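*Asks:* Okay, predicted coordinates and the sequence, questions at the end:
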Amino acid sequence: MALNFTVNMPQGIYTPTLTVYSIGTVLTQAALPSLYVLNTTGKSPISLVIVWNMHQPLYIEPNGTWEQAWTLLHTCHDFLWNGTWVGAYELQALLLSQYNVSVTIDFTPVLLYQWETILTEGKFPYSPVWPSPSTLNVNMTQCIEAINYTVNLYRELAQKGKVEILTVPFYHPLEAIIYDNGWQSDLLAQILMGEEMTERVFGVRAMGAWTPEMAFNMGLIHLYNETGIEFTILDAQAFLPYATVVSGIPSPYGPIIVEDSTGEQLIVLFRDTDLSNAFSFAYFSQPPQVTARELIHYLARIYMSHPGAVVVVALDGENPLIFNPTTGPADLQAIYQALSEYQGAWFITQTASEAIATHKPIAVLTNLPESSWALNLNNWNNGYPGKIEIWRSVALAREYLVAFTKAVGMPISPVVPLPFNITPNSTNPVYTLWNYLYIAEGSDWTWQTGPPNYGPAWFKEQALTYTSAIVSTIKEWLSRVKLVRYVELPTSIKGVGGVVLQIYNGLNYTLYVTLVVSNGTYSIAKPVILKPHFITTIPVLGIENATIIQLYSPVTDSELGDHPIPINQYGFPLITYTLNVSSPKVPIQGSGIASAVSNGVVVIIAALISALVIMIMMLIIRKAHTFI
């Protein structure tokens, strides 16, 4: 039964009671739901900003094999909707196209990367790790069509301005930890790659960024400024109580400027923690009419106390649906339907940029703590041996990669081009290894490993697969750099000796390294350039009885950041050759280049060059003595 009536009451929340009389006798009495009376005279509506975080980590191995099918299934096969299988990502797009609401969505670039890879390949290759399509009752043709439809629908909504697209550092890294490890240049590259992928897929330039896991520290302000990011979303309870107030009165209900020690600024929208948690843990697991009523009542209470406020809800966009496949879809529809029906005089829905443009900042803050939505960073780095192993493997892989990259004269932390037809590889081998490193820096691997989340072992294995691929590949490359021959120069009457080395560079890259020759007592170092597929003859004066020859990459501590292998004044030791003192013309390690140079003529020429160099060096030494 519906009762329609008009009331003239002050603004407030009332608990009405229904009493039914018959000729003065009470027939029945019942408590009615709470009655919310709002006074909208002269008041601005509140702005509801919903931010959905859409994310899947990379489920592809270095060789291109798909190890997990979740990117596919969460787009096309999570639950039945109107008699058709759909996924969480597709359902969101369908409902947004039907209802008059504006939302903000970040699609992690690694999710877009996988969607575009599937569309480019036109198929999703079966992997023995996950059940076959027939076992899952999945129509693969329908799933690929669903991905295409979903991407196109989001693109259309974005270009119409109904959905604002945020970007994300490409592989969803835990930025605060990466920053603290001294790997800021990797973050810069991942932000730039994320911006490029977002624009490439949706045709829009993102002005804001989702900070993965809302794991923030003050150093990120400079990186966001450098990459054109104007705002981000953080958790109110995790940050606001602990920040230093420069001016204004901070609250979750308006844009806030966060300023670092150099004066650089970033606009932050702080999410309403309680309302966001209600979305995450309650609204998608109950009857839809209850969800709609609770949401509208929550917003009404904010309007009563903070008219004109910006109310931010921010959470994962797929998880509440995936974890509640029975109730979640109807709850999401109820949310959008209620917002469409009620918005107007006392609340409106806006995108994040719209809210920032129409509301002045309410405060300026500085010294935000390093934290996340979880109030700390323990989910990703809490001393658990498995998490430590992942972080150490990333640090080791990065040290090898930075050292090799510096040695071949290429940029550290490059923006990696990613064609969709060779995922997860790039256009040259060094760029491919950098992409592997960025993958390994993703937050999902440590989140799923050990306490408190205890996810599948595959996540740890995925991280270690990529880091081990980096180290093993670089070691194999370096094994192609051979010490072909060395000859000791005779000591002159003034005690000046030396050695002549011949080093073959079997790589496709020129090496810019520091050569260090040691005899156990002292060392002599000199910069050398080793051209690709070429034997370089290198005379070294002033040392005799050499026992160790090393090639160093001239990297610095600041370029490496956190690194497990100590470096010295020469840099990182790439290659070490141990010399045989009893047979000085034959090195123990790197003694031949048969695999790279098998022509005996080359060996003869090398010997002649060695002899010629020795003669020239002896003449130089004698001539020098003449003038002494």
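*Replies:* On my side now, so go ahead.
*Asks:* Identify the residues contacting Glu175.
*Replies:* Pro169, Leu187, Thr211, Pro212, Ala215, Phe216, Asn217, Leu220 (CB atoms under 8 Å, 6 or more residues apart in numbering). Glycine gets a C-beta too; all of them are placed from N, C-alpha and C.
*Asks:* Please identify which pair of those residues lies farthest apart.
*Replies:* By the measure CB to CB, Pro169 and Asn217 form the most distant pair in those, at 13.9 Å.
*Asks:* Which one of these two is surrounded by more residues?
*Replies:* Pro169 (33 against 17; other CB atoms under 10 Å).
*Asks:* ok, the more buried one to Asp562 distance?
*Replies:* Look at Pro169 and Asp562: by CB to CB, to the nearest Å, they are 18 Å apart.
*Asks:* What is the neighbour count of Ala374?
*Replies:* Ala374 has 16 neighbouring residues, counting by other CB under 10 Å.
*Asks:* correction: Thr41
*Replies:* Residue neighbour count, defined by other CB under 10 Å, stands at 7 for Thr41.
*Asks:* and if you look at Asn39?
*Replies:* Using other CB under 10 Å, Asn39 has 14 other residues around it.
*Asks:* Phi first, then psi, for Ile565.
*Replies:* Ile565 adopts backbone torsions of phi -90, psi 120, taken as degrees, to the nearest 10.
*Asks:* Helices - which of the contacts of Glu175 land there?
*Replies:* When DSSP state H is applied, those are split such that Leu187, Leu220 fall in helices.
*Asks:* buried sites along the host helix or strand of Thr576?
*Replies:* Assigned by DSSP states H and E, Thr576 falls within strand 572-578. By neighbour count on 16 or more other CB atoms under 10 Å, the buried set for strand 572-578 is Phe572, Pro573, Leu574, Ile575, Tyr577.
*Asks:* I figured the fourth one hits Gln550, correct?
*Replies:* What it means is Ile575. Yes: under the criterion of CB atoms under 8 Å, Ile575 makes contact with Gln550 at 6.7 Å.
*Asks:* burial of Leu27, as a residue count?
*Replies:* When neighbours are counted by other CB under 10 Å, Leu27 registers 9.
*Asks:* And the pLDDT at it?
*Replies:* We have a pLDDT of 91 for Leu27.
*Asks:* gap between the two ends of stretch 244-258?
*Replies:* 10 Å (CA to CA, to the nearest Å).
*Asks:* Contacts for it, please.
*Replies:* 218, 221, 231, 236, 240, 243, 259, 265-273, 302, 306, 309-312, 355-356, 359-368.
*Asks:* which parts of that stretch are buried?
*Replies:* Buried residues in stretch 244-258, counting neighbours by 16+ other CB under 10 Å, are found at Pro250, Ser251, Pro252, Tyr253, Gly254, Pro255, Ile256, Ile257, Val258.
*Asks:* just how off-centre is that stretch within its chain?
*Replies:* Distance, stretch centre to chain centre, for stretch 244-258: 28 Å (CA atoms, centre = their mean, to the nearest Å).
*Asks:* cool, stretch 143-163 as well?
*Replies:* Worked out by CA atoms, centre = their mean, stretch 143-163 lies 23 Å from the chain centre.
*Asks:* And stretch 75-86, by the same measure?
*Replies:* 29 Å.
*Asks:* and what of stretch 88-99?
*Replies:* Mean-position distance between stretch 88-99 and its chain equals 26 Å (CA atoms, centre = their mean).
*Asks:* Can I get it in CSV, CA atoms only?
*Replies:* Coordinates of each C-alpha in stretch 88-99 appear next as CSV, following Å, rounded to 0.1, in the frame of the first residue of the first chain:
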residue,chain,number,x,y,z
ALA,A,88,31.3,-7.3,-13.9
TYR,A,89,33.0,-4.9,-16.4
GLU,A,90,30.3,-5.3,-19.0
LEU,A,91,27.5,-4.9,-16.5
GLN,A,92,28.9,-1.6,-15.3
ALA,A,93,29.0,-0.3,-18.8
LEU,A,94,25.5,-1.5,-19.6
LEU,A,95,23.9,0.1,-16.5
LEU,A,96,25.8,3.4,-16.9
SER,A,97,24.4,3.7,-20.4
GLN,A,98,20.9,3.2,-19.1
TYR,A,99,20.8,5.6,-16.1
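*Asks:* Going along the chain, name the helices of the stretch 101-250 of the chain.
*Replies:* Under the criterion DSSP state H, counting those that start in this stretch, the stretch 101-250 of the chain contains helices at 109-121, 133-136, 140-160, 175-180, 184-202, 220-226, 236-239.
*Asks:* Please render these as a markdown table that adds mean pLDDT to the earlier fields.
*Replies:* Below are the helices of the stretch 101-250 of the chain laid out as a markdown table (pLDDT from 0 to 100):
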| stretch | mean pLDDT |
| --- | --- |
| helix 109-121 | 97 |
| helix 133-136 | 69 |
| helix 140-160 | 95 |
| helix 175-180 | 98 |
| helix 184-202 | 98 |
| helix 220-226 | 98 |
| helix 236-239 | 98 |
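*Asks:* Could you export the ones you listed to TSV, including columns for distance to Ile412?
*Replies:* Converted to TSV, the helices of the stretch 101-250 of the chain look like this (distance: least, CB to CB, whole Å):
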stretch	distance to Ile412
helix 109-121	21
helix 133-136	42
helix 140-160	33
helix 175-180	14
helix 184-202	6
helix 220-226	16
helix 236-239	31
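*Asks:* how would you label Val20: helix, strand or coil?
*Replies:* Under DSSP: H, G, I helix; E, B strand; the rest coil, Val20 falls in the strand class.
*Asks:* Any idea what it is bridged to?
*Replies:* With DSSP bridges as the criterion, Val20 is bridged to Thr28.
*Asks:* could you list every residue that touches it?
*Replies:* Contacts were defined as CB under 8 Å, 6+ apart; by that measure Val20 touches Val26, Leu27, Thr28, Gln29.
*Asks:* For stretch 143-153, give me every contacting residue.
*Replies:* Outside of stretch 143-153, the residues within contact range by CB under 8 Å, 6+ apart are 72-73, 75-77, 86-87, 89-90, 93-94, 97, 112, 115-116, 118-119, 122-124, 201.
*Asks:* try 7 Å this time
*Replies:* The contact list for stretch 143-153, computed with CB atoms under 7 Å, 6 or more residues apart in numbering, reads 72, 75-77, 87, 89-90, 93, 97, 115, 118-119, 124, 201.
*Asks:* Of the residues you listed, which count as buried by neighbour count?
*Replies:* Buried subset of the contacts of stretch 143-153 (neighbour count, 16+ other CB under 10 Å): Leu72, Thr75, Cys76, His77, Gly87, Tyr89, Glu90, Ala93, Trp115, Ile118, Phe124, Val201.
*Asks:* low-confidence ranges in this structure?
*Replies:* In the predicted model of the chain, residues 1-5, 126-134, 492-495, 581-628 satisfy pLDDT under 70.
*Asks:* let's go with 80 and repeat that
*Replies:* Within the chain, the segments meeting pLDDT under 80 span 1-7, 125-137, 491-496, 580-628.
*Asks:* If we ignore the residues flanking it in sequence, what's nearest Gly308?
*Replies:* Spatial nearest neighbour of Gly308, excluding adjacent residues (CB to CB, 6 or more residues apart in numbering): Ser44 at 3.6 Å.
*Asks:* How many residues are close by that neighbour?
*Replies:* Using other CB under 10 Å: Ser44 sits among 14 other residues.
*Asks:* Likewise for Pro451?
*Replies:* Here the number of neighbours of Pro451 (other CB under 10 Å) works out to 12.
*Asks:* List the residues that contact it.
*Replies:* Pro451 is in contact with Asn382, Tyr384, counting by CB under 7 Å, 6+ apart.
*Asks:* Let me know the secondary structure of Gly455.
*Replies:* Under three-state DSSP, Gly455 falls in the coil class.
*Asks:* Report the separation between it and Gln68.
*Replies:* 12 Å.
*Asks:* And the two? Which one has more around it.
*Replies:* Per other CB under 10 Å, whichever of Gly455 and Gln68 has more neighbours is Gln68, with 19 against 14.
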